[in-house]
Every structure is written in C-alpha cells, then in structure tokens.
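Peer 1: Predicted structure and sequence below. I'll ask about it afterward.
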Amino acid sequence: MRARRVVDIVILIVVLGGAGYFALTHQDLVMRITRQVEARFLPCRSPITYSLGTIDARFGISKTTLIADLKEAEAIWEKSSDKDLFEYKSDGGDVVVNFVYDYRQQASDRMAAEGLRIDKSRASFDALKAQYGSRAARIESAKASLDRAVAAYESRLQTYNAEVAKWNRQGGAPPAEYDRLEAEKAALGAEAQRIKSLESALSADIETLNAIGTSLNKLIVELNLNVERYNQAGAATGGEFEEGAYVSEAGSRRIDIYEYSNHTELVRVLAHELGHALGLGHVGDADAIMYKVNQSTKLSLAKDDSAELNAVCASGLF
C-alpha cells in the first residue's frame, strides 16, 4: 500500500514536471490557450487583441486602410456597449485577421469590371438569373462553333502536312504547287490565330458566367431563397456563400475574409466575425450585425446585437 502511494507520488511529480517543462518550452502556445480559455469563461473582462495576418495583394487594399476598417468595426461594439472589447496589436494578437482571395472575391471583381451591378433585391436576382441563362446559351453555341472550327482546321492541317511530305519525298514541289502550299501555310497560320482569339474570348465569357453564378449564389443566401430550386446556376461554386469566417482551434484563433463589394460590407463582415470572436451567436433581426447574412447597410448595433452581447458578457464563471 505504501509502495503504491510512493508510485503515485512519483507519477504526479513526473506529470507536473512534464507540464512545467512544456509550459517553459511552449510559452507562446500556453499563453494563447490561456487567452482562449479566458475569452470563453471570462468574456468581456479584458479586450481581445487582434492583428492583421496574410493580406492577398489582389484585394487591392492597403494595410493602413484595413487597420482603419477594423477599428471602425471594433467601435461598432464598443461605442454601443461602453466596453473595451478589442485592441489592435501590430503583431501577436489573440485573433489574426487574414484576407483570403478565392473565387468569391474574383467573382465580385469580375462583375465590377464587366459593369454588372446588382443590389440585394429579388428583382436583381431574377434579372441576373435571366442573364445567366442567356449567356450560358450563347457560350454553348460559341463552344460548338469553336469545336467545329478546330476540327476543320486540324483536318485541313493534316491534308497540308500530307501534301508537303509527298512533295518532299519527290524532291520538291513544282513552282505553282509550291506557291499554293505557301499560300495554304499562311492561311492555316491565320486560322490558328483566329481560333486562338475565339478560345480567349470563350474563356473570358466563361469567367464572366462563373462570376454571375457566384453572385447568384450570394443572392440566394442574402435573399433566403430556396436553394434546391435556385442553386443550379451557382452549383459549380460549391456550398453556401460565406463572406468571412471565424475559426477557433487549440492555440489559435483567426478571422478569414473572403469577399466584400464595398466599404460598408467589409466593415459589417469584420464586425460580425469580431462578434463571433467574443462568443456571440447569430440573432434574428435581419438588420443586425450578428444576423446570419450580411444584407443590411447599417453600421450600428441592433437591439438583438446588444441583447446577445449583454448575455454573453454576463455568462462568465464570476
């Protein structure tokens, strides 16, 4: 019995020693985990610090502008609550904010470049869906025409190569035949360039069509439409459209921003994800910052936002 107790003491010493060694050699990780636990069980007691992480240059926005936008998003929560909830740090913040460029922002940029403007209305969705259908039909027709042109070119090129090979085996073509083959060679070169131009135009049209499909997918979410009925156009883009996401893992927290169309949308999505960092969930008011979809243009807290914040801040252990 006494021997067993000694063994238990030795095990405890080893465990505590191992924990102490880990804490000593992984101080940054331990500190981050400690801050996560504090934010979870003692919400609103001290400000959550945040820093900028990776910013894809294709967003075309400066770090200075993003810091100002983040502070504007931060102020939405702090001015209404009179609480010091967030603090910007140039490096090493509790939450790292990244700007991840993918098909979503690419679609938004493409729509802007094409002069295709939409608003968050059913009429805009219907008009865009009709345009998607007509463009898709034109692309199918253009693709079929291109396929025919490529097939004809390849057949013509094969014939030309066979004739050149024949005359080469015979030591060369007569002058008249040589001139004809040279003219055919030039014509084939011109046709190859024409096909290349057609391929480039078709590729650009497909990119625009995909951008419209992504925008439709976004509107489906924003307008709360029946996904099964309307999602055919945007099916190639994957699941539900997200402008941003808050991710909390062991020892790390981050906000990833994927898409925004203007300053107001960006500040709102930043404020929304900062709300998740505080521990807030979604609320029912469509104008609220914490509504599940970023569809309003208001840059202030709704009553539902304030109620959710107060509930979370009051939910600590003590």
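Peer 2: Alright, I've got the coordinates.

Peer 1: So which bits of the longest strand along the chain are buried?
Peer 2: In the chain, taking DSSP state E as the definition, the longest strand is strand 48-55. Neighbour-count burial for strand 48-55 flags 48, 50-53, 55 (criterion: 16 or more other CB atoms under 10 Å). Glycine gets a C-beta too; all of them are placed from N, C-alpha and C.

Peer 1: Likewise for stretch 135-149?
Peer 2: So stretch 135-149, judged by 16+ other CB under 10 Å, has buried residues 135-136.

Peer 1: Now it - C-alpha only, PDB.
Peer 2: C-alpha atoms of stretch 135-149 as PDB (Å, rounded to 0.1, in the frame of the first residue of the first chain):
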ATOM      1  CA  ARG A 135     -25.100  33.900 -71.600                       C
ATOM      2  CA  ALA A 136     -24.900  30.200 -70.900                       C
ATOM      3  CA  ALA A 137     -26.800  29.500 -74.200                       C
ATOM      4  CA  ARG A 138     -24.500  31.800 -76.100                       C
ATOM      5  CA  ILE A 139     -21.500  30.100 -74.600                       C
ATOM      6  CA  GLU A 140     -22.800  26.700 -75.600                       C
ATOM      7  CA  SER A 141     -23.300  27.900 -79.200                       C
ATOM      8  CA  ALA A 142     -19.800  29.600 -79.300                       C
ATOM      9  CA  LYS A 143     -18.200  26.400 -77.900                       C
ATOM     10  CA  ALA A 144     -19.900  24.300 -80.500                       C
ATOM     11  CA  SER A 145     -18.800  26.700 -83.300                       C
ATOM     12  CA  LEU A 146     -15.300  26.600 -81.900                       C
ATOM     13  CA  ASP A 147     -15.200  22.800 -81.800                       C
ATOM     14  CA  ARG A 148     -16.200  22.800 -85.500                       C
ATOM     15  CA  ALA A 149     -13.600  25.300 -86.400                       C
END
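
Peer 1: which residues does Pro143 contact?
Peer 2: Just to correct that, residue 143 is Lys rather than Pro. Taking CB atoms under 8 Å, 6 or more residues apart in numbering, we find Lys143 in contact with Leu202.

Peer 1: ok, and the closest non-adjacent residue to Thr208?
Peer 2: In this structure, Thr208 finds its nearest non-sequential neighbour in Glu114, 5.6 Å apart by CB to CB, 6 or more residues apart in numbering.

Peer 1: So the one you found sits against Asn210, correct?
Peer 2: No - counting by CB atoms under 8 Å, Glu114 does not reach Asn210; the two are 11.9 Å apart.

Peer 1: Mind checking which of those two has more residues around it?
Peer 2: Between Glu114 and Asn210, counted using other CB atoms under 10 Å, Asn210 has the larger neighbour count: 19 against 13.

Peer 1: Next up, phi/psi of the more buried one, please.
Peer 2: In terms of degrees, to the nearest 10, the main-chain angles of Asn210 are phi -60, psi -40.

Peer 1: State the distance from it to Gln106.
Peer 2: Asn210 sits 9 Å away from Gln106, going by CB to CB, to the nearest Å.

Peer 1: dump the residue contacts of the most centrally placed residue in the chain.
Peer 2: Centrality entry for the chain: nearest residue to the mean C-alpha point is Tyr258, 3.0 Å, by CA atoms, centre = their mean. If you count contacts by CB under 8 Å, 6+ apart, Tyr258 has them with 100, 102, 104-105, 242-245.

Peer 1: what's the nearest residue to it if we skip its chain neighbours?
Peer 2: Per CB to CB, 6+ apart, closest to Tyr258 is Arg104, 4.7 Å.

Peer 1: Isn't that neighbour up against Thr214?
Peer 2: Yes - contact criterion CB under 8 Å: Arg104 and Thr214 qualify, at 6.3 Å.

Peer 1: circling back to that earlier point, spell out which two among the contacts of Tyr258 are the most distant pair, please.
Peer 2: Greatest spatial distance in the contacts of Tyr258: Gln105 and Ala245, 13.8 Å, computed using CB to CB.

Peer 1: Comparing these two, which shows the higher neighbour count?
Peer 2: Taking other CB under 10 Å, Gln105 and Ala245 do not tie; Gln105 has more neighbours (22 against 15).

Peer 1: what's the average pLDDT for the one helix or strand Ser215 maps to?
Peer 2: Element membership for Ser215 (DSSP states H and E) is helix 175-222. Across helix 175-222, pLDDT averages out at 95.

Peer 1: Which strands and helices lie in contact with it?
Peer 2: With contacts taken as 3 or more CB pairs under 8 Å, 6 or more residues apart in numbering; DSSP states H and E, helix 175-222 sits against helix 103-113, helix 122-169, helix 227-230.
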